[in-house]
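Engineer: generate coordinates for the sequence data below:
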Amino acid sequence: MRRNRSNLVLAGWPRLPAVLAVAGGLLWPGAAPASGKKKKPAEPFALISGTVFRDTGMSLAGAEVTAQPRGSPRQAQAGKKITVTTDARGEFAIRVPAAPLGYTVSVRAGGYKRQEKAVSVAGEERVDVFIRLEPQ
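Structural biologist: Modelled structure (predicted):
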C-alpha cells in the first residue's frame, strides 16, 4: 500500500482514543482516581510585599529583604525571621502568619546603606512596603 498523507492520518486513528484517555487523566485531574489522602487545609497568612528602589528611582534587583517579628517575646514566637531576595524588577513578597503582629523590614544591598521600616499585620491582608536605598 502506498503511504500518503491521508493514509497516515487514518492509520493513526485506532490509537487516538487511547491517547485521548491518557491525556484526559492529565488534563482533568478530577477525572483521575483519588489517592485516598486528604489535603491539609491551607493556613491563613498575610503578605508583606513591595519594591526596593535605588536613589535614582530605578528598581534594585538582588537586594536582601528580611522581615523580623517585633514586640514581646511571646508575640514574636508567632512569627519567625524570613529573608528573601528581590527579583529582576526589585520586587519581593514574604508570607507571614495572619496573627496581629509587628515586623521590622530591613533591606540591604552592596554599595547602599541599610534601611529599615516598621510594618504591622492585623490578619489576612497584604501590606505594601516601598524602600528607597541611599548609596554609601
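
Engineer: neighbours around residue 96, how many?
Structural biologist: Other residues within reach of residue 96 by the criterion other CB atoms under 10 Å amount to 20. Where C-beta positions appear, they are placed from N, C-alpha and C, glycine not excepted.

Engineer: who's in contact with it?
Structural biologist: Residues in contact with residue 96, defined by CB atoms under 8 Å, 6 or more residues apart in numbering, are 45, 46, 47, 48, 67, 79, 82, 103, 121.

Engineer: so in terms of bridging, what pairs with it?
Structural biologist: residue 46 (DSSP bridges).

Engineer: any idea how far it lies from residue 125?
Structural biologist: Residue 96 sits 10 Å away from residue 125, taking CB to CB, to the nearest Å as the criterion.

Engineer: so what sits against both of these two?
Structural biologist: Taking CB under 8 Å, 6+ apart as the contact criterion, the common neighbours of residue 96 and residue 125 are 46, 47.

Engineer: pLDDT below threshold where in the protein?
Structural biologist: Across the chain, residues meeting the criterion (pLDDT under 70) sit at 1-36, 72-79.

Engineer: that one: strands as residue ranges?
Structural biologist: With strands called from DSSP state E, the chain shows them at 45-53, 64-70, 82-85, 91-97, 101-108, 115-121, 126-132.

Engineer: how about those strands in TSV, adding distance to residue 38?
Structural biologist: Output for these, formatted as TSV (distance: least, CB to CB, whole Å):
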stretch	distance to residue 38
strand 45-53	21
strand 64-70	31
strand 82-85	28
strand 91-97	23
strand 101-108	30
strand 115-121	29
strand 126-132	29
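
Engineer: now do stretch 111-122: everything it contacts.
Structural biologist: Taking CB under 8 Å, 6+ apart as the rule, stretch 111-122 contacts 46, 48, 54-55, 60, 63, 70, 96, 98-108, 127, 129, 131-136.

Engineer: now, of those residues, which are buried?
Structural biologist: 46, 48, 54, 60, 63, 96, 98, 101, 103, 105-107, 127, 129, 131, 133 (16 or more other CB atoms under 10 Å).

Engineer: and the two most separated of these?
Structural biologist: Distances among these were taken as CB to CB; the most separated pair is 54 and 98, at 32.5 Å.
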